[in-house]
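Engineer: Kindly generate the corresponding structure for this input.
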Amino acid sequence: MDTSQYLDLFIDETKEHLQSLNEHVLVLEKEPDNADTINEIFRAAHTLKGMSGTMGFSRMQRLTHDLENVFSEIRNGNMTASEKLIDVLFRGLDALESYLEVISTEGNEGTEDNEDIIEDLNGLLKGQKSTEPEQQKEEAAGSAKEEEKTLTDEEKCKFRQITISESEVRGIQSAREEGKNIYGITVYLQESCILKSARAFLVFKSVENKGELVKSVPTTEQIEDEEFEFDFSWILASSDTKENIKQLICSVSEIADVYIDDFEVPEIKQEEQPEDTAEKTVEKPEKKVEEVQEKPKKAAKGKVGSRSVRVDIDKLDILMNLVSELIIAKNGLVSVSAGDMLVQPENNQTFHEQIEYLERVTTNLHESVMKVRMVPIDSVVNRFPRMIRDLNRKLDKKMELYMSGEETELDRTVIDEIGDPLMHLLRNSADHGLESNEERIRLGKPEVGSIFLDAYQDGNNVVIEVRDDGAGIDVDKVRKKAIDKGTITEKQAETMKDKDFIDLLFQPSFSTADQITDVSGRGVGLDVVKTKIEALGGNISAKTIAGEGSTFTIQLPLTLAIIQALMVEVGEEKYAIPLGSINGIEDIGKDEISFVQSKEVINLRGHVIPILRLQQLLDIPEPEVEPENLLVVIMQKGDQQVGLIIDNLIGQQETVIKSLGRYITNDKLFSGATILGDGEVALILDTNTLI
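Structural biologist: Have a look, this model is predicted:
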């Protein structure tokens, strides 16, 4: 069975189930008697086991099966969620995530068996079972042996007990007239078989081309719902030999035994089911086989490669309606263009109405598509509580993570990239920010440190804050490290403010850690965060209060596909400046420009702002005579402001961002390009680089 076409779907579904398991096991650790959580854990593990078995990932299936055994004992009240058990469960979930990572990159699950985890899981089960009374175990073993002795080979041929209706007898007689043999078959599955219904389906599938299924006991519906023990029987009309049929069935794995013989039609006994349904009974197994085969195909239609977005049906309905409106608008323009009135469109009221209509529809369509691309940020942050739990153990610090705004939505492309920067910030708060348990008690703080992750929408941006109630950033320590490393000189340090020293933390390879650990201290944290955030068109800033904690604030655009931009002219060239970075536009006289350390600045309402001349920066020929008044676009990033001198303002415009690819390899002055209405290309200025 070729399952490769379902691989992407399997990966997406497995990620969800593993995340669900991680979240619920965390709840289980705090609330061992929470029945709803226990049931949810068992359902997720059971589904994951079935999925991995269907895909043929036996190692993953085996480990999930052992995890499910433990979850089953917890659900039945035979085991309690001890600290040791929770640790083993998390190791098992980590191993499953490792399997998934290998599957995602290589298409197979690798060769790691994780025997140590399986042994620990089985050890927990044996420890629980060893508490059972010995007498109970002996009685169970004795009854099993007795049952085994009482069943002869003849009695194991359960197909001899099948009762058939008069219409089924007629069907058998018709098959015999066609020269077919009538066989009774009983198949026994191994008791270790995990997916009984799937195995039974494969048995039916193995012989479907060799004959016609007359009757099945239990029924195909019961088999599909796993409402049977480890055996099932059926009557088959076939032209093939018993030996070949048996060989085909035995080729399916996890088959313990197969009994097959000629089926003799006994004396007719009336069944409860009406005769007119008999023909349906004969056809049903084949229909069921088709249905089971169709189900994965239907699911597979939803896959869109390895990167997919699940969309609310209401959003799709809105999108469909807008596309319909767009077609209507197009037809309206076509009909107008076919008339004589289009010769002078400026005098044609209908033409202008259609253009306005088209503009409204495309704007709404754009907004709707953007909403479809939006994904709640909880798809990223919901893995962090587990990480904080692990850091709690590793750092020997008591800490708690509090999250808010998980429903805040971001563009999928931003969501894919934001996980690592947030992880760095949280690890930084846990390792550097929070004091040790003893130190917190000495300072009169709660022994358990608090880390907060808050997200909220602010206009066309999403703001994410990571803060803690720790010691705050030691500015003196940063100053000393910076001077020792040669990042700054002592003379520079004298004129720097506390904020300037905090900004040094975002410099490459800068760390205040006294020793390197596997949590932090290698100097690859905050500079990586800043680089990644700015690559997404956002910015990051930090604030601290000594003894009270630190706050890192990330500001990100809602989307990277379409932005509102201010179109400007510099010389004869047009450029786009993202509107979210603009704080205002000023008209200043050239005599208002002053110099500070040989740099041009302006004093704007008490704030000294450095200015950049875009003509010089972009090598654009300057006019021979400088105008008396200059247009300055004030850009802001956090607390920093920079003024850009331009020649003319064109106006605000929705800008579709196109990637420059690898054509621009020099300083990253441009974040992309856009195509204007007349077909001209305008570059989009990267405000982070300019500032």
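
Engineer: mind listing the strands for the stretch 201-350 of the chain?
Structural biologist: Taking DSSP state E, counting those that start in this stretch as the test, the strands found in the stretch 201-350 of the chain are 211-217, 231-238, 255-262.

Engineer: Let me know the angle separating the second one from strand 255-262.
Structural biologist: Interaxial angle of strand 231-238 relative to strand 255-262 (axes from the mean of the first three to the mean of the last three C-alpha atoms, to 10 degrees): 40 degrees.

Engineer: Report the distance from strand 231-238 to the chain centre.
Structural biologist: Distance, stretch centre to chain centre, for strand 231-238: 44 Å (C-alpha atoms, centre = their mean, to the nearest Å).

Engineer: How about the shortest one?
Structural biologist: Once both centres are worked out by C-alpha atoms, centre = their mean, strand 211-217 turns out to sit 44 Å from its chain's centre.

Engineer: same thing with stretch 113-121?
Structural biologist: With C-alpha atoms, centre = their mean, you get 27 Å for stretch 113-121.

Engineer: can you check stretch 594-607 too?
Structural biologist: How far stretch 594-607 lies from its chain's middle: 48 Å, per C-alpha atoms, centre = their mean.

Engineer: Export that stretch to PDB, keeping only CA atoms.
Structural biologist: Extracted in PDB, the C-alpha atoms of stretch 594-607 (Å, rounded to 0.1, in the frame of the first residue of the first chain):
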ATOM      1  CA  SER A 594      22.600  71.800  12.700                       C
ATOM      2  CA  PHE A 595      25.700  69.600  13.100                       C
ATOM      3  CA  VAL A 596      26.500  67.300  16.000                       C
ATOM      4  CA  GLN A 597      29.800  65.500  15.800                       C
ATOM      5  CA  SER A 598      29.900  66.300  12.000                       C
ATOM      6  CA  LYS A 599      26.400  64.700  11.600                       C
ATOM      7  CA  GLU A 600      23.400  66.700  10.300                       C
ATOM      8  CA  VAL A 601      20.500  66.900  12.800                       C
ATOM      9  CA  ILE A 602      17.300  68.900  13.300                       C
ATOM     10  CA  ASN A 603      15.700  70.100  16.600                       C
ATOM     11  CA  LEU A 604      12.100  69.000  16.300                       C
ATOM     12  CA  ARG A 605      10.000  70.200  19.300                       C
ATOM     13  CA  GLY A 606      12.800  69.700  21.700                       C
ATOM     14  CA  HIS A 607      14.000  66.400  20.300                       C
END
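
Engineer: What average pLDDT does it get?
Structural biologist: Averaged over stretch 594-607, pLDDT sits at 86.

Engineer: possible to save the strands of the stretch 201-350 of the chain as a markdown table with mean neighbour count?
Structural biologist: From N, CA and C alone the C-beta is placed, and that goes for glycine too. Shown next, in a markdown table, are the strands of the stretch 201-350 of the chain (neighbours: other C-beta atoms under 10 Å):
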| stretch | mean neighbour count |
| --- | --- |
| strand 211-217 | 21 |
| strand 231-238 | 22 |
| strand 255-262 | 15 |
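
Engineer: Same list (these) but as TSV, adding mean pLDDT and distance to Lys394.
Structural biologist: Below are the strands of the stretch 201-350 of the chain laid out as TSV (pLDDT from 0 to 100; distance: least, C-beta to C-beta, whole Å):
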stretch	mean pLDDT	distance to Lys394
strand 211-217	86	55
strand 231-238	89	50
strand 255-262	88	47
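
Engineer: out of those, which comes closest to Leu505?
Structural biologist: strand 255-262 (63.5 Å; C-beta to C-beta).

Engineer: Contacts only, for the residue nearest the centre of the chain.
Structural biologist: With distances taken as C-alpha atoms, centre = their mean, Ser379 lies nearest the centre of the chain, 5.6 Å away. Ser379 is in contact with Ile415, counting by C-beta atoms under 8 Å, 6 or more residues apart in numbering.

Engineer: Let me see the confidence value for it.
Structural biologist: At Ser379, pLDDT is 81.

Engineer: that's a helix at it, yeah?
Structural biologist: Yes - Ser379 forms part of a helix when assessed by DSSP: H, G, I helix; E, B strand; the rest coil.

Engineer: Provide a list of residues in contact with Gly433.
Structural biologist: Contacts for Gly433 (C-beta under 8 Å, 6+ apart) come out as 449, 451, 468, 470-472, 549-550.

Engineer: any idea how far it is from Gln636?
Structural biologist: Distance of Gly433 to Gln636, computed by C-beta to C-beta, to the nearest Å: 27 Å.

Engineer: Give the other helices and strands that the helix or strand hosting Asp527 contacts.
Structural biologist: Following DSSP states H and E, one finds Asp527 within helix 526-535. With contacts taken as 3 or more C-beta pairs under 8 Å, 6 or more residues apart in numbering; DSSP states H and E, helix 526-535 sits against helix 412-428, strand 539-545.

Engineer: Swap in 10 Å and give it another go.
Structural biologist: Contacts defined by 3 or more C-beta pairs under 10 Å, 6 or more residues apart in numbering; DSSP states H and E place helix 526-535 against helix 412-428, strand 539-545, strand 549-557, helix 687-690.

Engineer: Restrict the first one to CA atoms and write it as PDB.
Structural biologist: Spelled out, it's helix 412-428. Backbone C-alpha positions of helix 412-428 (Å, rounded to 0.1, in the frame of the first residue of the first chain) are rendered in PDB as follows:
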ATOM      1  CA  ARG A 412       1.500  32.200   8.500                       C
ATOM      2  CA  THR A 413       4.900  33.300   7.100                       C
ATOM      3  CA  VAL A 414       5.600  35.300  10.300                       C
ATOM      4  CA  ILE A 415       4.300  32.500  12.600                       C
ATOM      5  CA  ASP A 416       6.700  30.000  11.000                       C
ATOM      6  CA  GLU A 417       9.700  32.200  11.900                       C
ATOM      7  CA  ILE A 418       8.800  33.600  15.300                       C
ATOM      8  CA  GLY A 419       9.100  30.500  17.400                       C
ATOM      9  CA  ASP A 420      12.900  30.400  17.800                       C
ATOM     10  CA  PRO A 421      13.300  34.100  18.800                       C
ATOM     11  CA  LEU A 422      10.600  33.700  21.500                       C
ATOM     12  CA  MET A 423      12.200  30.600  22.800                       C
ATOM     13  CA  HIS A 424      15.600  32.500  23.100                       C
ATOM     14  CA  LEU A 425      13.900  35.200  25.100                       C
ATOM     15  CA  LEU A 426      12.100  32.800  27.400                       C
ATOM     16  CA  ARG A 427      15.300  30.900  28.100                       C
ATOM     17  CA  ASN A 428      17.100  34.200  28.700                       C
END
